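> Here's my sequence, what's the structure:
(one chain, ligands or ions: 2)
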Amino acid sequence: MTDAPLTPPRLRDDCFAMPQGVNWVPVDAALARLREVLHPVTDTETLPTHAAGGRVLGADAVAKRSNPPRPNSAVDGYGFAHAATGDGVMRLPLEAGRAAAGQPFEGAVCNAHAVRILTGAILPEGVDTVVLEEDCAVGDGVVAFDGPVKPRANTRKAGEDVSEGALALPAGHRLRAPDLALLSALGLGEVAVTRRLRVGVLSTGDEIIADAGAPAKPHQIWDANRPMLLSLAEGWDHASVDLGHVRDDRDAIAARLDEAATRCDVVLTSGGASAGDEDHVSALLKERGNLSSWRIALKPGRPLALATWQGMPVFGLPGNPVAALVCALIFARPALSLMSGAGWAEPQGFTVPAAFTKSKKPGRREYLRARLVDGRAEVFASEGSGRISGLSWATGLVELPDEAVHVTPDTPVRFLPYEGFGLR
Ligand SMILES: Nc1nc2c(c(=O)[nH]1)N[C@H]1C(S)=C(S)[C@@H](COP(=O)(O)OP(=O)(O)OC[C@H]3O[C@@H](n4cnc5c(N)ncnc54)[C@H](O)[C@@H]3O)O[C@H]1N2
Ligand code: MOO
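Ligands and ions are numbered 1, 2, ... in the order given. From the prediction side, this is the model:
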C-alpha cells in the first residue's frame, strides 16, 4: 500500500467520448464486414404462388406462357381489318355474334366487315384494329365511324407484356403482392422459395420482467425490446423465434444461446452489450463467441456486439431501446435480408430541410428520432437513449454523417423514413 492519493481522470461526463487507444469501427466498415462474412440460407421449398407473399425466390421465375398469350382488344368496341378502312366515314357490315373475354368469336371476320368485340377478347381472325364504341354509331347491322383509324389501334400484342420463356423475376427477389399477380398471370401456380430465416430474439437483464402483463416492482422494468424486435423480424418476413428473457447470468445466457443455435439461423439479443459489471452478453461473446466488433462509432448504439455462437451470428444489441432499434434498423435489417437470400438491403432515404439546430463532432455517425412536418425534419426533444416515447413519436430517423456538421434550420439533412426500413 502506498499513501499516494487516488487520482481520477479528468471529468468529461460524456459516455460517447472516444477513449484513447480504442479502435472505433466506423459504421460503414462494420456494415461492409457483415456483408462480407454473412451467407444466405440456401434451403428452398415449393409453395403455391398465392401463399408466397413475403418469401424470397429460390430460383429464377420464368414465364410459362406469354402475357397476353394472344393479341386481344384493349377496349369495348368494334373490330375489323385495318386494310379495309381509309379516310372519312366508314360503314362496315357487322358479323353476327361477338368476341368477348373468355368467349372467343367462332370463325373469321370477312374482309370489310366488323365484329362486336369486348375488352380482353382475343382478336378473331381477320381483325387487327378496334375502334372504341364511343366513337361509333350502330344500326341496321352496320357500324359507322370516322376514319382514318390507326392500324392496330386499341389492341394489345401477344407477349407485349412478357413473352414465354422470359425471366419474370430473378432468384433472390422478395415477393410482394404485385409479384404474385405477375407470376400467376404467367402460369406459375407454384414457386421455389427459400425457407424463412429463423430470427431468435432474447432479452437479458436482472431488471427485466418479460411480460408487460405481469406485476413489476419499482426496480424492475417491462421488456420493451423483445416485442419490438420480434415484430420487426416478422415485418421483415422472417420467422421470429421468441427466446424469452434470461437474467444476468453467464451460464444461463450461454445455455439459452446453445438452445437458440438448434432452432435459429441468427439471434438478436438486447442488454448487457457494453462493458459494465453486469454486461454479460458482451463478456460471454468475447470469451466463447468469437466477438468480432463491439465498439462502433455510432450514436446511439455504440456498444453493439457482433459475434457468432456455434457458427450462428449473434447481434448483441444495446439494452437502451432507442439504441436497440437504431442498431436493428442499421445493422440487423440489411444483414438479415442478406441471410434470407434477398440480398443486402440499403435503407431508403431522401434529403429534406432541417427544422432544428444541432452541432456534432467528427468521428461518429448519429441517428436522431425525427418526423416530417411540412416537408421539414423535426427531431425529438431529447436524445436520451431510454426515451422510448420518442421512437413512437418519430416517423423516421435523421442520419448525420461521420464528419462534423452544424445543422441550422433549412440545412439539408438525410431523412430515413421508417417505411424505408420496412417498418409497418
Ligand atoms: N460508464 C458507462 N456507462 C454506459 C456507457 C458507457 O460508455 N460508459 N454506455 C451507455 C450506452 S451508450 C448504452 S447503449 C448502454 C449499453 O447498455 P447495455 O447494452 O450494456 O445494456 P444494459 O446496461 O443491460 O441496459 C441499458 C439500459 O437499457 C435498459 N434495458 C435493457 N434491456 C431492456 C429491455 N429489454 N427493455 C427495456 N429496457 C431495457 C436497461 O434497463 C438499462 O436502463 O450503456 C450505457 N452506460
Ligand atoms: O448509444 Mo447508447 O447506445 O446511447 O443507448
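
> Tell me how far Ser382 lies from Thr408.
20 Å (Cβ to Cβ, to the nearest Å). No exception for glycine: its C-beta is placed from N, CA and C like everyone else's.

> Please list the residues of the protein that sit near ligand 1.
Residues of the chain lying near ligand 1 by Cβ under 6 Å from any ligand atom: 15, 203, 205, 207-208, 221, 223-226, 270-274, 276, 279, 300, 302-303, 318-321, 323, 385-386.

> Narrow the residues you listed to those in strands?
Using DSSP state E, the members of the residues of the chain next to ligand 1 that fall in strands are 203, 208, 221, 270.

> longest strand in the protein, by residue count?
strand 88-99.

> for whichever helix or strand comes after that one, packing partners?
Per DSSP states H and E, the first helix or strand lying C-terminal to strand 88-99 is strand 114-117. Secondary-structure packing of strand 114-117 (3 or more Cβ pairs under 8 Å, 6 or more residues apart in numbering; DSSP states H and E): strand 77-80, strand 88-99.

> who wins for proximity to Pro347 among those?
strand 77-80 (47.8 Å; Cβ to Cβ).

> Could you tell me the phi and psi values at the nearest residue to Met90 once chain neighbours are set aside?
Sequence neighbours aside, Gly147 is the residue nearest to Met90 in space, at 5.0 Å (criterion: Cβ to Cβ, 6 or more residues apart in numbering). Main-chain torsions, Gly147, degrees, to the nearest 10: phi -90, psi 170.

> Would you check how far apart Gly147 and Arg116 are?
19 Å.

> more crowded one of the two?
The residue with more neighbours, out of Gly147 and Arg116, is Arg116; 20 against 11, by other Cβ atoms under 10 Å.

> so who does the more buried one touch?
Going by Cβ atoms under 8 Å, 6 or more residues apart in numbering, Arg116 touches 78, 94-95, 97-99.

> So which of those is the closest to Pro353?
When these are compared against Pro353 (criterion: Cβ to Cβ), the nearest one is Tyr78, at 55.5 Å.

> what number of residues lie near the closest one?
Neighbour number of Tyr78 under other Cβ under 10 Å is 29.

> show me the contacts for it.
92, 94, 114-117, 130-131, 133, 136, 138, 143, 145.

> Pipe the residues you listed into TSV and attach pLDDT per row.
Output for those, formatted as TSV (pLDDT from 0 to 100):
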residue	pLDDT
Leu92	97
Leu94	98
Ala114	98
Val115	98
Arg116	98
Ile117	98
Val130	98
Val131	98
Glu133	97
Cys136	97
Val138	97
Val143	98
Phe145	97
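
> Where does Ala328 sit: helix, strand or coil?
The local conformation at Ala328, judged by DSSP: H, G, I helix; E, B strand; the rest coil, is helix.

> tell me the SS of Ala233?
Classification of Ala233 using three-state DSSP returns helix.

> What pLDDT is listed against it?
We have a pLDDT of 98 for Ala233.

> Check Asp28 too.
94.

> Determine whether the claim that it is in a helix is correct.
Yes. The assignment for Asp28 (three-state DSSP) places it in a helix.

> and Lys286, what helix or strand is that in?
helix 280-288.

> That helix vs ligand 2: in contact?
No. Judged by Cβ under 6 Å from any ligand atom, helix 280-288 stays clear of ligand 2, getting no closer than 12.4 Å.

> what residues does the stretch 101-250 of the chain put near ligand 2?
Counting by Cβ under 6 Å from any ligand atom, no residue of the stretch 101-250 of the chain sits close to ligand 2.

> what's next to the helix or strand bottoming out on mean pLDDT in the chain, contact-wise?
Lowest on mean pLDDT, DSSP states H and E among the helices and strands of the chain sits helix 280-288, with a mean of 84. Residues from elsewhere that reach helix 280-288, judged by Cβ under 8 Å, 6+ apart: 204, 248-250, 253-254, 257, 269, 271-275, 291, 294, 303, 305, 307, 309, 314, 316.

> Can you go through those and name the buried ones?
Buried members of these, scored by 16 or more other Cβ atoms under 10 Å, are 204, 248, 253-254, 257, 269, 271-274, 291, 294, 303, 305, 307, 309, 314, 316.

> which ones are touching the residue of the chain found nearest ligand 1?
At 2.5 Å from ligand 1, Gly319 is the closest residue in the chain, using Cβ to the nearest ligand atom. Counting by Cβ under 8 Å, 6+ apart, Gly319 touches 204-205, 225, 270-273.

> So which of those sits lowest on pLDDT?
Ala273 (77).

> thinking that residue is in contact with Asp279, fair?
Yes. Taking contacts as Cβ atoms under 8 Å, Ala273 lies within contact range of Asp279: 6.5 Å.

> Mutual contacts of these two, please.
By Cβ under 8 Å, 6+ apart, the residues touching both Ala273 and Asp279 are Pro303.

> which parts of the stretch 251-400 of the chain sit against ligand 2?
Contact residues, the stretch 251-400 of the chain versus ligand 2 (Cβ under 6 Å from any ligand atom): 299-303, 318, 320, 322-323, 385.

> can you pick the most crowded of those residues?
Pro318 (29 neighbours).

> That residue: what's it in contact with?
Pro318 sits in contact with 270-271, 273-274, 300-304, 324, 327, 385, where contact means Cβ under 8 Å, 6+ apart.

> sorry, back to before: dump the longest strand of the chain to PDB, restricted to CA.
Provided in PDB are the C-alpha atoms of strand 88-99 (Å, rounded to 0.1, in the frame of the first residue of the first chain):
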ATOM      1  CA  GLY A  88     -63.700   9.700 -94.000                       C
ATOM      2  CA  VAL A  89     -66.800   7.900 -92.700                       C
ATOM      3  CA  MET A  90     -66.600   4.100 -92.700                       C
ATOM      4  CA  ARG A  91     -69.700   2.000 -92.700                       C
ATOM      5  CA  LEU A  92     -68.900  -1.700 -92.200                       C
ATOM      6  CA  PRO A  93     -71.500  -4.500 -92.000                       C
ATOM      7  CA  LEU A  94     -71.500  -6.300 -88.700                       C
ATOM      8  CA  GLU A  95     -70.900 -10.000 -88.300                       C
ATOM      9  CA  ALA A  96     -73.500 -12.000 -86.300                       C
ATOM     10  CA  GLY A  97     -72.100 -12.900 -82.800                       C
ATOM     11  CA  ARG A  98     -69.400 -11.200 -80.800                       C
ATOM     12  CA  ALA A  99     -65.900 -11.700 -79.300                       C
END
